[in-house]
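*Asks:* sequence unavailable; structure follows:
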């Protein structure tokens, strides 16, 4: 049985029976995010190239910019594995309607962003690694 782990498992290596998400993988994603000009790095969790979903780990460093966006055809599930982050929801006019803090060591560790909901992660959030899943395209908000 072949296990996909870091660093032997490439982000596009689909030949494995199951995957382990361990501290070494999270640490390496953090190093890569810090070295990236956008201050973030993702790791593909899909198990076959034909999988049209977006399942990934996202390492996000303080200072990265995540534009306000929405997913037209599916919800998005976010689970914090390390650190914490603030998710902000917006109406169609760009007004913030809700703000939720997820914390890997706190009471709120996951959320599901409803289909069509404008949202983003606040720039003031601390460093975090989150698992995200959606099966959709992304539409950016143009104010």
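*Replies:* Received the coordinates, thanks. Quantities reported herein were computed from a predicted structural model and do not represent experimental measurements. Numbering: from 1, shown residues only.
*Asks:* for the rest of this, base every contact and every neighbour count on C-alpha atoms.
*Replies:* Noted.
*Asks:* worst-scoring helix or strand of this protein, pLDDT-wise?
*Replies:* Of all helical and strand segments in the chain, the minimum by mean pLDDT, DSSP states H and E falls on strand 3-4, at a mean of 57.
*Asks:* where does this structure have low pLDDT?
*Replies:* Confidence mapping of the chain against pLDDT under 70 gives the ranges 1-17, 49, 123-128, 130-138, 143.
*Asks:* where along it do the strands fall?
*Replies:* For the chain, the strands defined by DSSP state E occupy 3-4, 18-19, 40-44, 54-60, 69-71, 76-90, 96-103, 110-113, 118-121, 128-134, 138-140.
*Asks:* export these as JSON lines, with columns for distance to residue 26 and mean neighbour count.
*Replies:* Below are those laid out as JSON lines (distance: least, C-alpha to C-alpha, whole Å; neighbours: other C-alpha atoms under 10 Å):
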{"stretch": "strand 3-4", "distance to residue 26": "14", "mean neighbour count": "16"}
{"stretch": "strand 18-19", "distance to residue 26": "13", "mean neighbour count": "13"}
{"stretch": "strand 40-44", "distance to residue 26": "10", "mean neighbour count": "20"}
{"stretch": "strand 54-60", "distance to residue 26": "8", "mean neighbour count": "22"}
{"stretch": "strand 69-71", "distance to residue 26": "25", "mean neighbour count": "21"}
{"stretch": "strand 76-90", "distance to residue 26": "8", "mean neighbour count": "20"}
{"stretch": "strand 96-103", "distance to residue 26": "16", "mean neighbour count": "16"}
{"stretch": "strand 110-113", "distance to residue 26": "18", "mean neighbour count": "17"}
{"stretch": "strand 118-121", "distance to residue 26": "19", "mean neighbour count": "22"}
{"stretch": "strand 128-134", "distance to residue 26": "7", "mean neighbour count": "22"}
{"stretch": "strand 138-140", "distance to residue 26": "25", "mean neighbour count": "14"}
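*Asks:* and these as CSV, adding distance to residue 28?
*Replies:* As requested, the strands of the chain are exported to CSV (distance: least, C-alpha to C-alpha, whole Å):
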stretch, distance to residue 28
strand 3-4, 15
strand 18-19, 16
strand 40-44, 10
strand 54-60, 9
strand 69-71, 27
strand 76-90, 13
strand 96-103, 20
strand 110-113, 22
strand 118-121, 22
strand 128-134, 11
strand 138-140, 27
